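Visitor: All I have is the shape, not the residue letters:
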């Protein structure tokens with residue numbers, strides 16, 4: 001068992017050491033890695049994981065909270081995903097640049113286009129489409145924002161997104177969710 005643990009730790013260390021940001025701009029793919037690395041830190045308390053996250057954020061989050069490569073006007077739900085790690089960075093350091101970056105992402109949530117039923121469009125270019133992975137991309141950030149900064153005021157909104165997905169994207173016969181829901185019924 002120690003051999004497996006040792007190989008796993010070496011693999012992770014090598015991977016993080018050689019990691020290059022996926023797109024060179026703020027993106028959900030890097031957000032997945034950042035979240036996983038932060039969870040490794042929380043599980044092990046090994047500072048190398050936290051240092052990896054901070055090094056990444058040093059490149060992507062400016063002192064004024066501006067996020068490199070992030071463009072709110074794209075209204076891309078995927079871009080919220082990387083922001084999940086900002087809450088821990090802010091809580092651990094108290095550095096206001098992280099809070100400012102959180103607020104910039106939250107502004108997108110406030111202005112993001114929605115389908116008539118209330119869910120967010122997946123992206124501006126996918127008008128009136130709700131995608132299953134959108135729940136993963138935005139809802140954890142949204143609920144954490146509501147919990148930590150907004151007195152849980154929009155919990156009902158968040159809950160409604162999940163209810164809508166269940167009611168409109170679940171195939172009862174197959175016991176599986178569909179990946180997308182075109183609320184305007186324009187896609188074939």
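Guide: Done, it's in. Owing to the predicted nature of the structure, the values given are computational and were not obtained by experimental measurement.

Visitor: where does this structure have low pLDDT?
Guide: Along the chain, the parts satisfying pLDDT under 70 run over 1, 188.

Visitor: In it, mark out all the helices, start to finish.
Guide: Secondary structure of the chain by DSSP state H: the helices cover 2-18, 28-44, 47-60, 84-93, 96-111, 133-149, 155-169.

Visitor: Is it possible to get JSON lines of those helices that adds distance to residue 67 and mean neighbour count?
Guide: C-betas here are computed from N, CA, C, even on glycine. As requested, the helices of the chain are exported to JSON lines (distance: least, C-beta to C-beta, whole Å; neighbours: other C-beta atoms under 10 Å):
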{"stretch": "helix 2-18", "distance to residue 67": "21", "mean neighbour count": "11"}
{"stretch": "helix 28-44", "distance to residue 67": "11", "mean neighbour count": "17"}
{"stretch": "helix 47-60", "distance to residue 67": "6", "mean neighbour count": "16"}
{"stretch": "helix 84-93", "distance to residue 67": "9", "mean neighbour count": "19"}
{"stretch": "helix 96-111", "distance to residue 67": "6", "mean neighbour count": "18"}
{"stretch": "helix 133-149", "distance to residue 67": "13", "mean neighbour count": "18"}
{"stretch": "helix 155-169", "distance to residue 67": "23", "mean neighbour count": "14"}
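
Visitor: Which one of these lies nearest to residue 72?
Guide: helix 96-111 (4.8 Å; C-beta to C-beta).

Visitor: Give me the angle between that closest one and helix 84-93.
Guide: 150 degrees (axes from the mean of the first three to the mean of the last three C-alpha atoms, to 10 degrees).

Visitor: Does anything pack onto helix 96-111? Which helices or strands?
Guide: helix 84-93, helix 133-149 (3 or more C-beta pairs under 8 Å, 6 or more residues apart in numbering; DSSP states H and E).

Visitor: Tell me which other helices or strands the longest one touches.
Guide: Under the contact criterion of 3+ C-beta pairs under 8 Å, 6+ apart, helix 133-149 touches helix 84-93, helix 96-111, helix 155-169.

Visitor: contacts for the second one?
Guide: Translated: helix 96-111. With contacts defined as C-beta atoms under 8 Å, 6 or more residues apart in numbering, helix 96-111 is touched by 57, 61-67, 70, 72, 75, 79-80, 83, 86-87, 89-90, 120, 138, 141-142, 145, 149.
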